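Novice: Sequence isn't available, so here's the structure alone:
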């Protein structure tokens, strides 16, 4: 389910609400959005949770609103103001600063984040006034586009790898400009090939009938649609679902494969072995009608 997460909800709160509405036994989300952030949050239910990590690991796109001239304790509008500075920055200056952060860069995760240290989220330590040393990590920012720039407020579109903190990016841009900055708005508009235009709001979903809710779900294989697809004959499909490696005629690509039976029912994922057989890697539980 592609949810347009509302402001004020944590990702887990949104997930639990949707899980309850769908009466699902198993559910997971695919990349945390802060409560103040809105936008695309793909949620996986039932057997689709087996493929959630493909979306968690996927590139994502955001629209971020940045306030120049002030830093905060959290890097966003929730925190207390730490410093203020005059802003003497042109749009050209801002665009040049943004370009310093495209490509593979090093980022230090913020204290106000859900990263765990000794079993507790970093933000729990931060709220208690405890600073934990964090290691910088490499992330990739494919593109930053400046949508608008007016005085001390800029709106940018960012496409980036998993693990990128847009709050940290806003702070780093402010530091590069010498005036400081923090994030005042964030909206995720894409995860992998899923787009915000495909998403439903919580209010829309609540208003649906049970049948409409089920019809609104995307099929599990849509999360891995970019992988090559292989159709197995009925015999091969049977043995694959017993956990056995199977033969398949024709040229078979290396790497992970989407596997289907002759009726084009999604069986799960497999991978070509050195002996030419396809080994099961992550299979769907098949329901017999």
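Specialist: Sure thing, it's come through. Please read these numbers as outputs of a predicted model, since none were measured by experiment. Residues are numbered from 1 along each chain as shown.
Novice: buried residues in the helix or strand harbouring residue 173?
Specialist: Assigned by DSSP states H and E, residue 173 belongs to helix 166-177. Using 16 or more other Cβ atoms under 10 Å as the test for burial, helix 166-177 gives 166-174, 176-177. C-beta: built from backbone N, CA, C; applies to glycine.
Novice: Please pull up the helix or strand immediately following that helix.
Specialist: Downstream of helix 166-177 (by DSSP H and E), the next one is strand 181-191.
Novice: which strands and helices sit next to that next one?
Specialist: When contacts are defined as 3 or more Cβ pairs under 8 Å, 6 or more residues apart in numbering; DSSP states H and E, strand 181-191 sits against strand 38-45, strand 60-68, strand 70-72, strand 153-160, helix 166-177.
Novice: if you set the cut-off to 7 Å instead, what comes out?
Specialist: With contacts taken as 3 or more Cβ pairs under 7 Å, 6 or more residues apart in numbering; DSSP states H and E, strand 181-191 sits against strand 38-45, strand 60-68, strand 70-72, helix 166-177.
Novice: In TSV: those, plus distance to residue 265 and mean pLDDT.
Specialist: TSV is the format used below for the helices and strands packed on strand 181-191 (distance: least, Cβ to Cβ, whole Å; pLDDT from 0 to 100):
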stretch	distance to residue 265	mean pLDDT
strand 38-45	18	97
strand 60-68	30	98
strand 70-72	51	97
helix 166-177	39	97
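Novice: who wins for proximity to residue 197 among those?
Specialist: strand 38-45 (9.4 Å; Cβ to Cβ).
Novice: Pull up the pairing partners for the longest strand along the chain, direction included.
Specialist: If you go by DSSP state E, the chain has its longest strand at strand 137-150. Paired with strand 137-150 in the same sheet, following DSSP bridges, are strand 103-107 (antiparallel), strand 153-160 (antiparallel).
Novice: Could you export those strands as TSV, including mean pLDDT?
Specialist: Shown next, in TSV, are those (pLDDT from 0 to 100):
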stretch	mean pLDDT
strand 103-107	97
strand 153-160	98
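Novice: Adding distance to residue 8 and mean neighbour count, write these out as JSON lines.
Specialist: Converted to JSON lines, the strands paired with strand 137-150 look like this (distance: least, Cβ to Cβ, whole Å; neighbours: other Cβ atoms under 10 Å):
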{"stretch": "strand 103-107", "distance to residue 8": "26", "mean neighbour count": "13"}
{"stretch": "strand 153-160", "distance to residue 8": "21", "mean neighbour count": "20"}
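Novice: Great, nothing more from me.
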